[in-house]
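> build me a model from this:
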Amino acid sequence: MDSALSFSAADLAQTRFAVSPMWEVVTSFRLLRNDNPTPLHRSWADQVRPRFQRAGLDRGRLAALVPPHGYLADFLNPTPAGPFPTLESELDAIGRAPAEQLARDLDMLGRTGVRAEHVDLERLREEILTYWEIALAPYWARIRGLLEADVFHRARQVAEHGSARVLGELHETVRWDDGTLRLVRRACALTRDQAGSGLLLIPSAFAWPRVLTRSVAPDPPQLAYPARGIGNLWEPRTTTNATEAVAGVLGRSRALLLAELDTPASTTQLAAAFGLSAAAVSQHLTALRNAGLVTAHRSGRSVLYARTAVADTLLCPRPDTQLEPR
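Numbering: from 1, shown residues only. Modelled structure (predicted):
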């Protein structure tokens, strides 16, 4: 079934982009619940799934609201207030979801054969935060960089070529046709009478290979689409030259630890990889964390360390920023 979303001049004027942490929560959560995740995200899924299962997230409240297939609860994706909302601001919006919307979403889940328990929004918030810490926070600098790059690219395209061209290039199943956005092969219809004015475009790392929609009046319709460059999302990014250069400033041990954190790891894992004592690794990580180069994320009884965007800039310089010394 195809669907068509008509646009007036006012709708085009109110079309905007946003990076949404909650869209990444629901799409990545659904991917983990699939026994055969796409090869694109298999390395991430292999790292995260054991922690996901140990935390019991595969059988909790969020699992009831985000089944492996089909409809997922709309209230989990509130309309972002700005282009780069925080997870906390989106969780606050979820906590304010109207009772009638919760009832409607649970009714829809029941129709698709999924048993959803009564929604305790405070406990759901805690579960989402747990999931975030073990599945997304350690990787967020990398994911957010990808999503922001997509937004900036498409914003530039809008300025150079107009909104119509950008809307027509979002995805192979999305077509712009004479004032109408057409979505082909859709299980659920997306029409203007089901939602408010405008359109909210959400790049996603985990929506691939499809687009997902949310249509809840009076909010603007949302369309989550695969971000550009996701094929390189999990590729190693550090270079030997950059690591050696950073070692001249931070010391070799700390530079190598940063390079190893291309994949988030615990103190014990890093100690085993480098033949260092856990105490020595902990001391180095504390210094790197104090310098804003790593972050720490609780996962059960252990802590995962991950590089920050600042560290990525040091270890993964873009080609156009590598200048020859004069």
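> helices and strands around the helix or strand bottoming out on mean pLDDT in the chain, which ones?
Within the chain, no helix or strand scores below strand 3-6, which has a mean of 74 by mean pLDDT, DSSP states H and E. Under the contact definition 3 or more C-beta pairs under 8 Å, 6 or more residues apart in numbering; DSSP states H and E, strand 3-6 sits against strand 180-183. Where C-beta positions appear, they are placed from N, C-alpha and C, glycine not excepted.
> where does pLDDT dip in the stretch 201-326 of the chain?
By pLDDT under 70, the low-scoring segments of the stretch 201-326 of the chain are 317-326.
> redo that, cut-off 80
Low-confidence segments of the stretch 201-326 of the chain, defined by pLDDT under 80: 237-240, 299-300, 316-326.
> please, where are all the helices along it?
240-250, 252-260, 267-274, 278-290, 309-315 (DSSP state H, counting those that start in this stretch).
> list the buried residues for the first one?
Of the residues in helix 240-250, those buried by neighbour count under the rule 16 or more other C-beta atoms under 10 Å are 242, 243, 246, 247, 250.
> please pull up the helix or strand immediately following the least confident helix or strand of the chain.
helix 9-13 (DSSP states H and E).
> one step back: go through the least confident helix or strand of the chain and flag the buried ones.
Within strand 3-6, the residues that qualify as buried are 3, 4, 5, counting by 16+ other C-beta under 10 Å.
> contact partners for the closest residue to residue 201 other than its chain neighbours?
Using C-beta to C-beta, 6 or more residues apart in numbering and skipping residues adjacent in sequence, the residue nearest residue 201 is residue 17, 4.9 Å away. With contacts defined as C-beta atoms under 8 Å, 6 or more residues apart in numbering, residue 17 is in contact with 83, 151, 154, 155, 200, 201, 202, 203.
> how about residue 17, phi and psi?
phi -110, psi 150 (degrees, to the nearest 10).
> per-residue confidence for it?
Looking at residue 17, its pLDDT reads 93.
> ditto for residue 97
Here the pLDDT value assigned to residue 97 is 91.
> is the nearest residue to it once chain neighbours are set aside in a helix, a strand, or coil?
Leaving aside its sequence neighbours, residue 97 sits nearest to residue 75 (C-beta to C-beta, 6+ apart; 4.1 Å). With DSSP: H, G, I helix; E, B strand; the rest coil as the basis, the three-state label of residue 75 is helix.
> confirm for me that residue 75 is in contact with residue 103.
No: Residue 75 is not in contact with residue 103 according to C-beta atoms under 8 Å; the separation is 10.3 Å.
> who's more crowded, the two?
residue 75 (23 against 11; other C-beta atoms under 10 Å).
> ok, now which ones touch the more buried one?
94, 97, 101, 102, 105.
> among those, which ones are buried?
94, 97, 102, 105.
> among these, which ones are in helices?
94, 102, 105 (DSSP state H).
> can you tell me the closest non-neighbouring residue to the second one?
Just to be clear, that refers to residue 102. With sequence-adjacent residues excluded and distances taken as C-beta to C-beta, 6+ apart, residue 102 is closest to residue 119, at 5.5 Å.
> what about that neighbour, neighbour count?
By other C-beta under 10 Å, the burial measure for residue 119, its neighbour count, is 19.
> and it, that one's in a helix?
No: per three-state DSSP, residue 119 lies outside any helix segment and is coil.
> that one against residue 104, yeah?
No: using C-beta under 8 Å, residue 119 is not in contact with residue 104; the gap is 11.9 Å.
> the nearest residue to residue 277 once chain neighbours are set aside and residue 238, how far apart?
Spatial nearest neighbour of residue 277, excluding adjacent residues (C-beta to C-beta, 6+ apart): residue 271 at 6.3 Å. Note on residue 271: its distance to residue 238, by C-beta to C-beta, to the nearest Å, is 20 Å.
> which one of the two is surrounded by more residues?
It is residue 238, of residue 271 and residue 238, that has more neighbours when counted by other C-beta under 10 Å, with 21 against 17.
> dump the residue contacts of that one.
259, 262, 315, 316.
> give me the neighbour count for residue 311.
Neighbour number of residue 311 under other C-beta under 10 Å is 23.
> ok, it - contacts?
Residue 311 is in contact with 258, 261, 288, 293, 294, counting by C-beta under 8 Å, 6+ apart.
> most neighbours of all those, which one?
residue 258 leads the contacts of residue 311 on contacts (other C-beta under 10 Å) with 27 neighbours.
> right, I'll leave it there.
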